[in-house]
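Visitor: Starting from these lines, generate the structure:
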Amino acid sequence: MNVITTFNSKRREKQIKKERELLKEISIKMLKESVRKHFGYIRVQGGTFMQEGFDEACFDVAIESYLLGGKLSKFGRQGDSLDDVKKRCDEELKHFIDTLYNFWLYWAEMGVSNKVDESFYYCCEHFVETWWAEGYHNGIKRLKLRLH
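Guide: Got it, this is the predicted structure:
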């Protein structure tokens, strides 16, 4: 008796395996240092207890952008430039940046000045792009070493 599997389930299994391999390259310590480097200690409504929630939200966005970079690294290995590969996922990156920015705007005690808000948007943008590039470069490295 044969077991019938679908193409979608096989593709999902392969994707999960690749994501697990990519995630072995990063640690919680790296994520915490990155959050502190990009955002520092921002006063949030609710005090220090809420800071852990912000860290976890940043971790989620960082991991998603890292995995996106790792997933698209196959195009870089095939000869596309970094800018061309980045253009392929502009919508997703914009979504991650907007999600993180709106999350921080909702919870952080920030001034009413548009200048502060705009500079904070650039911090979110840099954070997401840094983790995307980290995933991209680790994906390229894994492909070159044939660890895929």
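Visitor: what helix or strand does T5 sit in?
Guide: Secondary structure assignment for T5, by DSSP states H and E: no helix or strand.
Visitor: where exactly do the strands run in the chain?
Guide: For the chain, applying DSSP state E gives no strands.
Visitor: Okay, helices next: where are they in it?
Guide: Using DSSP state H, the helices of the chain run over 7-23, 28-39, 48-77, 82-88, 90-107, 114-144.
Visitor: could those be laid out in CSV, adding mean neighbour count and mean pLDDT?
Guide: C-beta here means a position set from N, CA and C on the backbone, and glycine is covered the same way. Shown next, in CSV, are those (neighbours: other CB atoms under 10 Å; pLDDT from 0 to 100):
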stretch, mean neighbour count, mean pLDDT
helix 7-23, 12, 89
helix 28-39, 14, 89
helix 48-77, 18, 85
helix 82-88, 13, 90
helix 90-107, 16, 89
helix 114-144, 17, 86
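Visitor: Which residues are in contact with the residue nearest in space to the middle of the chain?
Guide: In the chain, the C-alpha closest to the average C-alpha coordinate belongs to S65, at a distance of 2.3 Å (CA atoms, centre = their mean). Going by CB atoms under 8 Å, 6 or more residues apart in numbering, S65 touches 93, 96, 128-129, 131-132, 135.
Visitor: I'd like to know which of those is nearest to E52.
Guide: W131 (19.4 Å; CB to CB).
Visitor: The closest one reaches H38, doesn't it?
Guide: No - look at W131 against H38 with CB atoms under 8 Å: they stay out of range, at 9.8 Å.
Visitor: any residues in contact with both of these two?
Guide: With CB under 8 Å, 6+ apart, W131 and H38 have no common neighbours.
Visitor: could I get the contacts of S65 as a markdown table with distance to T5?
Guide: Output for the contacts of S65, formatted as a markdown table (distance: CB to CB, whole Å):
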| residue | distance to T5 |
| --- | --- |
| L93 | 33 |
| F96 | 32 |
| V128 | 35 |
| E129 | 37 |
| W131 | 33 |
| W132 | 32 |
| G135 | 29 |
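Visitor: which one of these sits closest to E25?
Guide: G135 (8.6 Å).
Visitor: Against K18, how distant is the closest one?
Guide: 11 Å (CB to CB, to the nearest Å).
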